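[1] For reference, the sequence and a predicted model appear below.
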Amino acid sequence: MTGSDRDMFASLAPDERALLAWVAPQLDAAAIEEIAEADYGVDVPGYRRALTDLVHSPWLPDDLSGDPGEVLALTRWTAPAGRRGHLRRLFACTLLVRAVTADGNPVDSLAPLVDSARELGAPARAAAVRFLAWCRLNLPGNWPDDPSAPVFLTLAVVLLSAETATAAGLAAVLVDELDAVLTDEDLPWRRRARSPLYVRRDTDSASTRRLWSALVTRCLVDNPAVVDPRLAALGRALDGDAATPITELRALFPGTT
């Protein structure tokens, strides 16, 4: 990451604890119990104690490769039906994105985090942007293990900031990072014929790829609050709906980083 790119993320007031501080106080005892029961009812008291400690801790854990990582990972894969479900999933994904985990793939936790933050409204989105900006600058947990993963942190911040004045500058950073990973033959990215920007990594689940595609469409392409048409063009290219070369996308965002 260049100095100007770091300055872009630094301008977002990055804060490791911003999202945990927003979501944790909104989890009541019933919500903690529901997460604790996610492992088919196994060791609910133990999970409950560990989760309660995390809810009341001002810090995010460095390592969740053991308990209660299992119930948090299972909560990550839920399909929330309302606000309570999104709060539970957002809490779980916040911890999993930050920590070393058993599956070692934080991209799978990042997509549902973005989805739930968006569904929970502006305060959640703002807190998520600050937290993810910190993650992009510091690459905690498993993020350094896969050189193709950090670009998803940039994508997440772009999606959650699409309605703000910083969106174009962040999009320019994203395009630069995409250019780097798509041209590196050693990274696990594949291209679909109709779009050189469509990304697929063997390490990500199919549901994760579908969710990223849906998020790009909702946040950039079909979002009436986005007034910069360049972001819609970027979204269509990312989704594979427009065969836009990376050079053309770079030309869309000149001098914005």
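    The structure has been received and is ready for your questions. Residues are numbered from 1 along each chain as shown.
[2] Could I get the contacting residues of Asp63?
    With contact taken as CB atoms under 8 Å, 6 or more residues apart in numbering, Asp63 is in contact with 99-100. (Glycine included, C-beta is placed from N, CA and C.)
[3] next one: Arg88
    27, 31, 34-35, 75, 78, 80.
[4] repeat for Asp43
    Going by CB under 8 Å, 6+ apart, Asp43 touches Asp67.
[5] Give me the phi and psi for it.
    Reported as degrees, to the nearest 10, the phi and psi values for Asp43 are phi 50, psi 50.
[6] One more: Gly121?
    Torsion angles, degrees, to the nearest 10, at Gly121: phi 100, psi -180.
[7] That one: how many residues sit nearby?
    By other CB atoms under 10 Å, 11 other residues sit near Gly121.
[8] What of Asp62?
    Neighbours of Asp62 (other CB under 10 Å): 10.
[9] Ok, Asp239 next?
    Asp239 has 18 neighbours, counted by other CB under 10 Å.
[10] again, but for Asp103
    Counted with other CB under 10 Å, residues neighbouring Asp103 total 15.
[11] Tell me how far it lies from Thr208.
    According to CB to CB, to the nearest Å, Asp103 and Thr208 sit 11 Å apart.
[12] hmm, back to that, pick the one among the contacts of Arg88 closest to Leu220.
    Nearest to Leu220 among those is Pro80, at 22.1 Å by CB to CB.
[13] For the helix or strand harbouring Arg125, which helices and strands make contact with it?
    Using DSSP states H and E, Arg125 sits within helix 122-138. Judged by 3 or more CB pairs under 8 Å, 6 or more residues apart in numbering; DSSP states H and E, helix 122-138 is in contact with helix 3-10, helix 18-23, helix 83-98, helix 107-119, helix 150-160.
[14] Quick one: low-confidence residue ranges for the stretch 151-257 of the chain.
    Flagging of the stretch 151-257 of the chain using pLDDT under 70 yields the residue ranges 191-200, 242, 255-257.
[15] returning to that earlier point: can you redo the helices and strands packed on helix 122-138 as JSON lines with distance to Arg190?
    Shown next, in JSON lines, are these (distance: least, CB to CB, whole Å):
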{"stretch": "helix 3-10", "distance to Arg190": "26"}
{"stretch": "helix 18-23", "distance to Arg190": "31"}
{"stretch": "helix 83-98", "distance to Arg190": "24"}
{"stretch": "helix 107-119", "distance to Arg190": "15"}
{"stretch": "helix 150-160", "distance to Arg190": "15"}
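[16] ranking these by mean pLDDT, which is last?
    Lowest mean pLDDT within the helices and strands packed on helix 122-138: helix 3-10, a mean of 92.
[17] What are the contacting residues of it?
    Residues outside helix 3-10 that contact it (CB under 8 Å, 6+ apart) are 133, 136-137, 157, 166, 169-170, 173, 176, 257.
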